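Enquirer: No letters, just coordinates:
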């Protein structure tokens, strides 16, 4: 994979903003691989992402950052510049349903997801087999015979110890406590097995079956204190009919879950997602 | 269109049921064009639809009905046999948004929807232009300068006068009063411009925009007293992104609305839908 | 609809290019509603579209054009700036299948498609009814009792007389002669009722039926001398099964055709499509 | 999984056929879980699949077969009755692309695909890691340093030795010789990484990129001597745009390939597919 720098900006929309950024990039001789802009007409917020060939720039990343600082300040930017070669650390949380975990692991193993996976945490010991095979440290956390508080304290400690840049809840099926949600804000992604906001909460496929909908889906979103209310990154749906039992839906829905989660995680890792209030801008 | 008889049955699932029906049909020398079965595993209810070449049967429809009665009784069937050549009368209700109305009218005009449209009722006088061109009687009902009760009394009278077999709410945008919902139970179809149960109620596209979903949709369902809670017949979705305003969603969503409504109405007219409690069996 | 100017550019990718354009726009005080960039990595060609609030610019369109000319020349740009309030003239060609024609007319009538439709041309006189109702001049051209050459000479004359900016073949079903294809290059859009390149040529639904595919589709593309080989603007598909006859496919496929054509035409009218060799860049 | 018997029939359409079959089932006291019928109007061929609760039938499978034989003969049926508890042996062929192999293995491992996988055969030794982890015998066949004929002779021997009921080419990327195609007719499934019949042959994603299509797909089909021409079981598509390189398409298309192959294999294993000339009837 060729090395790129990703300059991601959001700030109040202003005249001269794009000119200043693109002039800066031209001065650095930057070859732009991909550029995306978006203005939210409602709030007047501006969003921008540039993916730049690293080799085209003469300066080091550190120098670029320093040189860009005055522009950022002038336009009150919230910004970052990320190096595609610096792998993010992604801690996986999983329960007994293994399809999302396995799917992410295979995409990582085959080079599709460019990240490190420093550890897998699960409340089900049998997930260890997947971790072992991939040579990833595994941590079983007991959610049954100790208070949830204690269990989550363990999880939190592990996330810290492994210095996770991102925590992925691959069908973890436990409600994250409020303070941890806040701590991981914008750095924890969940997959919910319904087309949110329909069928939030428990047993979404059973809810969908009982309601008689003709399409089911899955939603990949950032974790927030409000359960199943976090900013949505990606959604997938598929058609069903009266002949599908809720068990059939579970089976069929897994394809949606895997795809939505994998896309959501990839967008995040490639710095394609900007959270704006309760929503996202995704330069997919 | 070749003439067919449609035998539609639902009853408790029982051994010998299909054998009795198919033996009856074989004795009548019936050529079956299409056959569908479904057993609801949860409730043990059985559903069946046969489409039979009319010319293959020697008996008249009346005689078939009489001959079938004993079988129906034996198996406690809820049943009907419909003649594809007998057109149902479909009364259209429309408001100022004309896309669904026009779409249905063109499908009817071009022979795709096999029905009669005896009249169009609207609270907006400008819908008359569409009615006139199709030579369909038009009735404007004033929903502004008279109490809604009175307006709905007019609507009800018209539906009765035209002996509607089906009433279609093509974005009618008025909440049908309880007693009329009950009267039209199973005989009135609505299109809601969201992927229900998400965004029930008013301004679903604005709700969808505010929630930041990545897919929008439309739902075709039977009208019931519980607003937007009726049995779902058909749903459609399409992908959107952060760059779509709620106005864009309105424009894009119309394609979903048209397709979902047209399919739902066609399924109903072809006797492909059986309502079972709060859900539908659709032999599409 | 708010007035915007659309600046559409393609040129060899060069350092300083975006900076120059955005600086120019900043100097004009331009408020940018939407901006899109694309670099074709294979050919090194750069594509850019800006949609600018007209009221934000102090200069007239004529003056903007003059001021921009030096930049355009420096970077060897192929470019235009279009006024959203200047309606393009869209001549419709139609045959006996009316669904695409009606769909476009209704979108135009309801304000979704922002253009003028100066005339409808058809080889079937009964299309006149649709034209009359919309108060659009109608021209029947005889393709049966005169040589095709003569018929097409009539069509060509009409297109010229009405000064068409765009010609839309809404299921016209006649093969356009080579010289007319060339004359209308980039200014004529066709809808083919298959998912090209599958099932090019005649009777695509029958071809699809015979091949046993599980999805059918439609393709909206620019007209070129190579039949069904023009640059693709938009495609739609839908799922089918063994139970669909080729007649069912015709009915079902119409939804794909309508949507793909309407989107393709809208993209073109909004200056969102740039043809690049045998392909398109579509800033949808 | 509850045990079921699957009675699958195809024969010339005849009056009395369904009556005879359903009477037979009623006499055996069979509880029917799922029933599907289809008549091909073009050829007059009839297709039927019943899934029956095993415990509801008093007879053994052997006795059922004998008792049904006279009916089958009378109506010239091509038929089988399969026991859901008897697992089919599925031999996997894979090359260096592992996503389809891994996907099938995980679905099998997690119980979604009900079959045995007696061995994995590959021309790439590194696939052994996946086989080992699943405790499945692995066979590397050299396709580089020996003539293909010899290599395929090895493959053929292995398929025989393991008594494969089904052979799955999970992106095997080798053209199966004619005699082996014939031998495995109806018992070998391939996944082609395009929406056939578009882009048959090599490098379909590059072909799709060069043609500028707006959707890509994958096709799961039975292997026949005519390359990429076998009866299609399942197809999947996804939307792409000008901004996707052919490398992006490869990445995106994998989701289609995995889903289409997994569905196709499952349909086959559940006896839901009947091959009819060059097409399939899939009671999905």
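Expert: Everything's here; your move. Every value quoted in this text rests on a predicted model; they were computed, and no experiment measured them.

Enquirer: Can you tell me how far the closest residue to chain C within the stretch 51-200 of chain A is from residue B:278?
Expert: Residue nearest to chain C within the stretch 51-200 of chain A: residue A:56 (8.4 Å; CB to the nearest CB). From N, CA and C alone the C-beta is placed, and that goes for glycine too. Distance, residue A:56 to residue B:278, by CB to CB, to the nearest Å: 61 Å.

Enquirer: What ranges does chain A have for its strands?
Expert: A:4-12, A:32-40, A:45-53, A:78-83, A:88-94, A:115-116, A:120-122, A:138-140, A:166-170, A:188-192, A:215-222, A:232-239, A:273-276, A:279-282 (DSSP state E).

Enquirer: and the shortest one, anywhere near chain D?
Expert: No - Strand A:115-116 is not in contact with chain D by CB under 8 Å from any CB of the partner chain; minimum separation 15.2 Å.

Enquirer: Next, report how far that strand is displaced from the centre of its chain.
Expert: Its chain's C-alpha centre and that of strand A:115-116 lie 13 Å apart, by CA atoms, centre = their mean, to the nearest Å.

Enquirer: Return the list of strands paired to that strand, each annotated with direction.
Expert: strand A:88-94 (parallel) (DSSP bridges).

Enquirer: okay, the strands of chain A in CSV with distance to residue B:251 and mean neighbour count next?
Expert: Shown next, in CSV, are those (distance: least, CB to CB, whole Å; neighbours: other CB atoms under 10 Å in any protein chain shown):
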stretch, distance to residue B:251, mean neighbour count
strand A:4-12, 27, 20
strand A:32-40, 19, 20
strand A:45-53, 23, 21
strand A:78-83, 31, 15
strand A:88-94, 38, 24
strand A:115-116, 38, 18
strand A:120-122, 45, 24
strand A:138-140, 50, 18
strand A:166-170, 35, 24
strand A:188-192, 28, 25
strand A:215-222, 21, 26
strand A:232-239, 20, 22
strand A:273-276, 23, 20
strand A:279-282, 20, 22
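
Enquirer: Mind putting these into CSV with mean pLDDT?
Expert: As requested, those are exported to CSV (pLDDT from 0 to 100):
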stretch, mean pLDDT
strand A:4-12, 98
strand A:32-40, 95
strand A:45-53, 97
strand A:78-83, 97
strand A:88-94, 98
strand A:115-116, 98
strand A:120-122, 98
strand A:138-140, 98
strand A:166-170, 98
strand A:188-192, 98
strand A:215-222, 98
strand A:232-239, 97
strand A:273-276, 97
strand A:279-282, 98
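
Enquirer: Quick check: which of these is nearest to residue D:147?
Expert: For these, the distance to residue D:147 is smallest for strand A:115-116, at 43.0 Å, taking CB to CB.

Enquirer: and the worst-scoring helix or strand of chain A on mean pLDDT, does that touch chain D?
Expert: The weakest-scoring helix or strand in chain A, judged by mean pLDDT, DSSP states H and E, is helix A:128-133 (a mean of 92). Yes - using CB under 8 Å from any CB, helix A:128-133 reaches chain D at residue A:133.

Enquirer: same check, this time on stretch A:196-216
Expert: No - figure legend: stretch A:196-216 not in contact with chain D (CB under 8 Å from any CB); closest approach 14.5 Å.

Enquirer: and that stretch, which residues are buried?
Expert: If you call a residue buried by 16 or more other CB atoms under 10 Å in any protein chain shown, then stretch A:196-216 has these buried ones: A:196-200, A:204-205, A:207-209, A:211-216.

Enquirer: first vs last residue of that stretch, how far apart are they?
Expert: Length of stretch A:196-216, first residue to last, CA to CA, to the nearest Å: 10 Å.

Enquirer: Output the contacting helices and strands for the biggest helix by length in chain A.
Expert: For chain A, the longest helix by residue count, based on DSSP state H, is helix A:246-269. Packing partners of helix A:246-269 (3 or more CB pairs under 8 Å, 6 or more residues apart in numbering or on different chains; DSSP states H and E): strand A:88-94, helix A:99-109, strand A:166-170, strand A:188-192, helix A:204-211, strand A:215-222, strand A:232-239, helix D:246-269.

Enquirer: Including distance to residue B:239, could these go into JSON lines?
Expert: Shown next, in JSON lines, are those (distance: least, CB to CB, whole Å):
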{"stretch": "strand A:88-94", "distance to residue B:239": "26"}
{"stretch": "helix A:99-109", "distance to residue B:239": "21"}
{"stretch": "strand A:166-170", "distance to residue B:239": "23"}
{"stretch": "strand A:188-192", "distance to residue B:239": "18"}
{"stretch": "helix A:204-211", "distance to residue B:239": "20"}
{"stretch": "strand A:215-222", "distance to residue B:239": "12"}
{"stretch": "strand A:232-239", "distance to residue B:239": "9"}
{"stretch": "helix D:246-269", "distance to residue B:239": "14"}
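
Enquirer: I'd like to know which of those is closest to residue A:76.
Expert: That would be strand A:215-222 among the helices and strands packed on helix A:246-269, by CB to CB, at 23.6 Å.

Enquirer: circling back to that earlier point, give the buried residues for the longest helix of chain A.
Expert: A:246, A:249-269.

Enquirer: right, and residue A:137 touches residue A:120 too?
Expert: Yes - Residue A:137 is within contact range of residue A:120, at 7.4 Å (criterion: CB atoms under 8 Å).

Enquirer: On the pLDDT front, check residue A:25 for me.
Expert: You'll see residue A:25 listed with a pLDDT of 95.

Enquirer: In contact with the residue of the stretch 51-200 of chain A found nearest chain B, which residues?
Expert: At 4.5 Å from chain B, residue A:198 is the closest residue in the stretch 51-200 of chain A, using CB to the nearest CB. Residues in contact with residue A:198 (CB atoms under 8 Å, 6 or more residues apart in numbering or on different chains) are A:204, A:207, A:208, A:213, B:195, B:196, B:197, B:198.

Enquirer: Kindly recompute the last result at 10 Å.
Expert: Counting by CB atoms under 10 Å, 6 or more residues apart in numbering or on different chains, residue A:198 makes contact with A:204, A:207-208, A:211, A:213, A:215-217, A:219, B:194-200, B:213.

Enquirer: cool, residue A:171 as well?
Expert: By CB under 10 Å, 6+ apart, the neighbours of residue A:171 are A:93-101, A:190-193, A:254, A:257-258, A:261.
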